[in-house]
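Asker: Sequence and predicted structure are below.
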Amino acid sequence: MTKVMPLAKRGISNSRLALGCMPFGGGWDAEPFTEQHVKEAEAAVEAALSIGITMFDHADIYTKGKAEQVFGRVLQARPDLREQIVIQSKCGIQLGEGDLPGRFNFSKEHILHSVDGNLERLGIDYLDVLLLHRPDPLVEPEEVAEAFAKLKSSGKVRYFGVSNMSASQIKFLQQAIPDSFAVNQLEMSLNHLHFVDHVVHVNQQAGTEVNFAEGLMEYCRTEDIQLQAWSPLAQGKFSGRDIKDEPKHIQQTAQLVQQMAADKETTAEAIVLGWLMYHPAMIQPIIGTSNPERIKACADAERQASLMTRDEWYTLYVSARGTLLP
């Protein structure tokens, strides 16, 4: 059976991978970005395009706004590129400043102000997708709805989504918002297995240790909400990073990934991402590196997902868990 990504069903994107732009622009400090940072972003974007990635993920807070500014410079140098790609950004997190701690803000005023900042830094007229970054306990759904309606009617945002939210949180927002959410972005990887563990540990004591909202995967699949995975490569834990201090089962899983890559004449990155993409939810990994070679190493991921067997998927899953299934 041929499956289609929810984003493709909506006509937003058919890019099976997306590039996360969080590393662009230098450090999370007050230092301005440099021309070298622009060149590095250009190289990362070119590498992504070369392997078929046409979706790019941002947030207003990434490197304190510099990530979007640098990407804007890339677009400025290539004005034809804007209509060839999908740009997604996020809002709702306010970084700590002075005596104020880091906090969340889904107020109408903050959302509208944030999107204006997104667009200004990127040098564009609209976002293809806007995500609410992390749940705000003070949220008023009607206020979010007002902000979204204004953004859509003005042409500033085409589609909306969320990040790091449970099914109940999404439903709570959706009862006030007429447009269905297009995306939910969550941490999912061979190193962060809660999205699978919550399925197999129903009626099991081990299930009390699983940190994943009940029914979330099923809800998103039922509602055709695109599941995106942040940190899908687990910061290189299974594809070459020094992990001598990691638990034995993680080291063994890294060895298993390397062996599978060698046997299949591909890269470790393609195996790790292929494992995620094999899942019937049509998960879209958000690659979080700006290294062109690591980006290109992901090129074979979709093919490896199509070639992976159920037995291989379970072998990787159980190895990464470090314990047998119940």
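Answerer: Cool, got the structure. Numbers count the residues shown, from 1 in each chain.

Asker: Settle this for me: residue 291 is touching residue 44, isn't it.
Answerer: Yes - under the criterion of Cβ atoms under 8 Å, residue 291 makes contact with residue 44 at 7.5 Å. All C-beta spots, glycine's among them, are computed from the backbone N, C-alpha and C.

Asker: Tell me where the protein has strands.
Answerer: 18-20, 55-57, 86-91, 93-94, 103-104, 127-132, 157-163, 183-187, 226-230, 284-287 (DSSP state E).

Asker: name the helices or strands packed onto the fourth one?
Answerer: Using 3 or more Cβ pairs under 8 Å, 6 or more residues apart in numbering; DSSP states H and E as the contact criterion, the elements in contact with strand 93-94 are strand 103-104.

Asker: Strand partners (parallel or antiparallel) of the strand it packs on?
Answerer: The pairing partners recorded for strand 103-104 under DSSP bridges are strand 93-94 (antiparallel).

Asker: From the rest of the structure, what touches the strand it pairs with?
Answerer: Outside strand 93-94, the residues within contact range by Cβ atoms under 8 Å, 6 or more residues apart in numbering are 59, 60, 61, 100, 102, 103, 104, 105, 110, 133, 134.

Asker: ok, now which ones touch residue 168?
Answerer: Residue 168 touches residue 213, counting by Cβ under 8 Å, 6+ apart.

Asker: Roughly how far does it sit from residue 141?
Answerer: For residue 168, the distance to residue 141 (Cβ to Cβ, to the nearest Å) stands at 12 Å.

Asker: tell me the contacts of residue 105?
Answerer: Residue 105 is in contact with 92, 93, 94, 136, counting by Cβ under 8 Å, 6+ apart.

Asker: returning to that earlier point: could you redo the strands of the chain as CSV and give each row mean neighbour count and distance to residue 69?
Answerer: CSV is the format used below for the strands of the chain (neighbours: other Cβ atoms under 10 Å; distance: least, Cβ to Cβ, whole Å):
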stretch, mean neighbour count, distance to residue 69
strand 18-20, 26, 16
strand 55-57, 25, 14
strand 86-91, 25, 12
strand 93-94, 17, 18
strand 103-104, 14, 23
strand 127-132, 26, 15
strand 157-163, 22, 19
strand 183-187, 23, 22
strand 226-230, 23, 21
strand 284-287, 26, 20
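
Asker: will you turn those strands into JSON lines that also has distance to residue 48 and mean pLDDT?
Answerer: Shown next, in JSON lines, are the strands of the chain (distance: least, Cβ to Cβ, whole Å; pLDDT from 0 to 100):
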{"stretch": "strand 18-20", "distance to residue 48": "4", "mean pLDDT": "98"}
{"stretch": "strand 55-57", "distance to residue 48": "7", "mean pLDDT": "98"}
{"stretch": "strand 86-91", "distance to residue 48": "12", "mean pLDDT": "98"}
{"stretch": "strand 93-94", "distance to residue 48": "25", "mean pLDDT": "98"}
{"stretch": "strand 103-104", "distance to residue 48": "30", "mean pLDDT": "98"}
{"stretch": "strand 127-132", "distance to residue 48": "16", "mean pLDDT": "98"}
{"stretch": "strand 157-163", "distance to residue 48": "20", "mean pLDDT": "98"}
{"stretch": "strand 183-187", "distance to residue 48": "18", "mean pLDDT": "98"}
{"stretch": "strand 226-230", "distance to residue 48": "15", "mean pLDDT": "98"}
{"stretch": "strand 284-287", "distance to residue 48": "8", "mean pLDDT": "98"}
